[in-house]
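return a 3D structure for these sequence lines:
(2 chains)
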There are 2 protein chains.
Amino acid sequence: MEFDLIEVIRARVNVTRSDVALGIGDDAALLDVPAGQQLVACTDTLVAGVHFPVGTVPEDIGWKALAVNLSDLAAMGAEPAWALLALTLPDADATFVERFAESFGEFARAHRVALAGGDTTQGPLAVTVTALGFVPHDLALTRSGARAGDAVFVTGTLGDAAGALKMLMEVRSAPAALLARLHRPEPRVAAGLALRGIANTCIDVSDGLLADLGHVCADSKIGAEIEADALPVSPALAASFDAETCRDLALAGGDDYELCFTAPSARETEIVEALARIGCGATRIGRIVAGSGLRLLGAGGNEIQIAHAGWEHFSR
Amino acid sequence: MEFDLIEVIRARVNVTRSDVALGIGDDAALLDVPAGQQLVACTDTLVAGVHFPVGTVPEDIGWKALAVNLSDLAAMGAEPAWALLALTLPDADATFVERFAESFGEFARAHRVALAGGDTTQGPLAVTVTALGFVPHDLALTRSGARAGDAVFVTGTLGDAAGALKMLMEVRSAPAALLARLHRPEPRVAAGLALRGIANTCIDVSDGLLADLGHVCADSKIGAEIEADALPVSPALAASFDAETCRDLALAGGDDYELCFTAPSARETEIVEALARIGCGATRIGRIVAGSGLRLLGAGGNEIQIAHAGWEHFSR
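Residues are numbered from 1 along each chain as shown, chains lettered A, B, ... in the order given. Down below sits the predicted model:
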């Protein structure tokens, strides 16, 4: 089934770049990495029934499969360039592939990502995308390097995707604003680029803020405090859940694809203004402290036990 | 389940390379492509029950998942450098992952491939590997550029993997020499490097010789003739099947991972000697001719109808 489907995909994911010397159709792609830049590479798989509900429309699967990978590049401060697509389908369903590829292509065009190759195989529905991009030497944003005194920031709002999923499971519908965050995440590519040379660390919030900031603390061998009342939640989330549930979703809900980053506290105004210029909200939610692990602080600085904050409910 | 399994894999796939600036453990890997070289990138998925029989031991799956990707790099004349591994498992089976990773690591060490990143997810068993390598500018071997008068060559022997699969299906056992070709293919990386600057086109035989040489002819806008009696088959295959079945397996059996390449006819001796020096057999099996499509010639030059040559039986 492979060859016809590849044509269907190629026709719809038609971003051309001069740095693709040889694209889809040979044993491998030939790509030109610009001089002075490092290659940035990541891969993420979405499995039906695990990473998206069975019955998710192909447009949403195509979008999200690329978006979650560009989010990883964004977290490195990288500029996306190319993708490889490994698509496993139960049968050679041309309509599914057309709809998948239309949306994958729309998203790829928005980020100027060329589809350089891939593989189509028969099997249970799953999509693995490999995203490739560049970052100048010594400007990549990593998880290590957070320092005591850094402020902790997040872009945008947290908990929307997990809120949508919770409502789908409980009442089978959710507000469009929340569903969009679940099905059509917008990776913070421009924010990642803007944070080059500013942020000391950066990670994308895919597993949930607690888990992801925990990775930063572990890799930086340092601790962090989060102010529960500072967590940014959207009007749609606040209108859908009580305050405590909103907090728990913001702390532990996955699939937000916002960036969580640390930077010198003194640069807060500069950072918020720089991200505002590219249409991206940024909120200071806490600080890096000596020690290890995360502490969650309530109003007045009292500690809230993280074990009660929804961690187990939403992690996966 | 993700984090423990990644440690299991990282500990066993422990190839270090100085061009991996940042490997497993961040949002993405940071990699240094050497100046003057093009990046070569491919991805291939293996699905349980489709690309390997259900019940295949994890060691064979780990080996083959990387091998089929290095075969694609070999077909470009590329030097392998890095891999990303996306592993989908029904459950967090540490023993499976240990055995998988041991073998993946053994193979990676043999080819000096560093595992730079990946993803582990829950779902039906499947493995997607992305392989990355380099080739100097203008030396990549592609599928286009075959010229009338070129000789057509293959490395090694054809049909062994398909012969093993046929015997497994029919009599539930097969000679070890054939099984090894099915489960532990050896990609022709050294041969691909040796063919830089010599071969006009190159492809790896993964779908079967007829299909793969057909791609070369289509992309080169030219035709080819294959001499059925020239097809190289192993002693183990010849001892297991009658001559006609051997021929059909050699023509249409997939999973051989030999290289099929075209080169000026006058360079035959040079080519055979160059590949012999690296322990790789090479056999001239036909020639590139004006026109399009493939013709199969029997003894005395009579044409054999390709439709009868097992194409449908073994393609997938």
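
for A:D19, phi and psi?
Dihedral pair for A:D19: phi -90, psi 0, per degrees, to the nearest 10.

ignore what I typed, I meant A:L22.
phi -150, psi 120.

got it, and A:P187?
With angles defined as degrees, to the nearest 10, A:P187 sits at phi -60, psi 150.

just the pLDDT for it.
A:P187 is assigned a pLDDT of 98 by the prediction.

do A:P80 as well
pLDDT, A:P80: 98.

please apply the same query to A:G300.
What the model reports as pLDDT for A:G300 is 87.

for it, grab the count of nearby residues.
For A:G300, the count of nearby residues is 6 (other CB atoms under 10 Å in any protein chain shown). For the C-beta atoms, the positions are set from N, CA and C on the backbone; glycine is no exception.

quick one: low-confidence ranges for chain A?
Scanning chain A with the threshold set as pLDDT under 70 gives A:1-3, A:307-316.

domain assignment for it?
Using automatic domain parsing, the domain ranges for chain A come out as A:2-136, A:150-304.

nearest to B:I24, out of those?
domain A:2-136 (10.8 Å; CB to CB).

what about the strands in chain A?
For chain A, the strands defined by DSSP state E cover A:20-22, A:29-31, A:37-47, A:79-89, A:114-122, A:126-136, A:150-155, A:201-204, A:223-227, A:259-264, A:282-289, A:293-297, A:303-304.

one step back: from the domains of chain A, which stretch is densest packed?
Of all those, domain A:2-136 has the most neighbours on average by mean count of other CB atoms under 10 Å in any protein chain shown, namely a mean of 22.

quick one, what contacts the residue of the stretch 101-250 of chain A found nearest chain B?
With CB to the nearest CB as the measure, A:G123 is the residue of the stretch 101-250 of chain A nearest to chain B, at 3.4 Å. By CB atoms under 8 Å, 6 or more residues apart in numbering or on different chains, the contact list for A:G123 reads A:T88, A:L89, A:P90, B:T45, B:V47, B:A48, B:G49, B:V50, B:P124, B:A126.

now, the most widely separated pair of the residues you listed?
A:L89 and B:A48 (15.1 Å).

need the residues of the stretch 51-200 of chain A near chain B, please.
A:51, A:71-73, A:75-76, A:78, A:82, A:84-86, A:88, A:116-119, A:121-124, A:126, A:128, A:130-132, A:135, A:140, A:142-143 (CB under 8 Å from any CB of the partner chain).

picking that back up, quick one: the residue of the stretch 101-250 of chain A closest to chain B from A:G301, how far?
Here the distance between A:G123 and A:G301 works out to 53 Å (CB to CB, to the nearest Å).

what about A:R143, distance to A:C202?
In terms of CB to CB, A:R143 sits 8 Å off from A:C202.

what's the closest non-adjacent residue to the residue of the stretch 101-250 of chain A closest to chain B?
Residue nearest to A:G123 in three dimensions, not counting chain neighbours: B:V47, with 3.4 Å by CB to CB, 6 or more residues apart in numbering or on different chains.

what's opposite that neighbour in the beta bridge?
Counting by DSSP bridges, B:V47 forms beta bridges with B:A126.

does A:I304 really touch A:L296, like I thought?
Yes. Between A:I304 and A:L296 there is a contact at 4.5 Å, judged by CB atoms under 8 Å.

spit out the residues that contact those two alike.
A:A228.

contacts only, for A:I288.
Counting by CB under 8 Å, 6+ apart, A:I288 makes contact with A:146-152, A:217, A:220, A:222-224, A:262.

quick check, nearest of those to A:L179?
Nearest member of these to A:L179, counting by CB to CB, is A:V152, at 28.2 Å.

list the contacts of the closest residue to A:G159 other than its chain neighbours.
Among residues not flanking A:G159 along the chain, A:L249 sits closest, at 3.3 Å (CB to CB, 6+ apart). Neighbour list for A:L249: A:L158, A:G159, A:A162, A:G163, A:K166, A:V233, A:L237, A:F241, A:G310, A:F314 [criterion: CB under 8 Å, 6+ apart].

so how far is chain B from the residue nearest to A:G208 when sequence neighbours are not counted?
Nearest residue to A:G208, sequence neighbours excluded (CB to CB, 6+ apart): A:A252, at 4.4 Å. A:A252 sits 16 Å away from chain B, going by CB to the nearest CB, to the nearest Å.

my guess is A:A252 contacts A:L209, does it?
Yes. Using CB under 8 Å, A:A252 is in contact with A:L209, at 7.2 Å.

what segments of the stretch 101-250 of chain A are helices?
Ranges of helices within the stretch 101-250 of chain A are A:160-171, A:176-183, A:189-194, A:209-220, A:235-240, A:243-252, based on DSSP state H, counting those that start in this stretch.

out of these, which is closest to A:A110?
Nearest of the helices of the stretch 101-250 of chain A to A:A110, taken as CB to CB: helix A:189-194 at 9.5 Å.

so how far is that closest one off the chain centroid?
Put simply, helix A:189-194 sits 12 Å off its chain's centre (CA atoms, centre = their mean, to the nearest Å).

cool, stretch A:232-251 as well?
Per CA atoms, centre = their mean, the centroid offset for stretch A:232-251 relative to its chain is 19 Å.

same question, stretch A:29-39
For stretch A:29-39, the distance to the chain centre is 23 Å (CA atoms, centre = their mean).

quick one: residues in contact with that stretch.
Contacts for stretch A:29-39 (CB under 8 Å, 6+ apart): A:19-23, A:81-82, A:84, A:116-117, A:132-137, A:140, B:21, B:30-33, B:35, B:38-42, B:76, B:132, B:135, B:140.

need the contact list for the nearest residue to A:A230 once chain neighbours are set aside.
For A:A230, ignoring the flanking residues on the chain, the nearest one in space by CB to CB, 6+ apart is A:I285 at 4.6 Å. Residues near A:I285 by CB under 8 Å, 6+ apart: A:V152, A:F153, A:V154, A:I226, A:E227, A:A230, A:L231, A:P232.

for A:C260, see how far away the last one is.
When CB to CB is applied, the distance between A:P232 and A:C260 equals 11 Å.

okay, and the common contacts of the two?
A:V154.

quick check: beta-bridge partners of the nearest residue to A:F134 once chain neighbours are set aside?
Excluding the flanking residues, the one nearest A:F134 by CB to CB, 6+ apart is A:Q37, at 3.9 Å. On the basis of DSSP bridges, A:Q37 is bridged to A:P136.

tell me how far A:Q37 lies from B:L39.
11 Å.

now A:D60
Separation of A:D60 from B:L39 (CB to CB) stands at 31 Å.

what residues does the stretch 201-316 of chain A put near chain B?
A:C202, A:I203, A:D204, A:D219.
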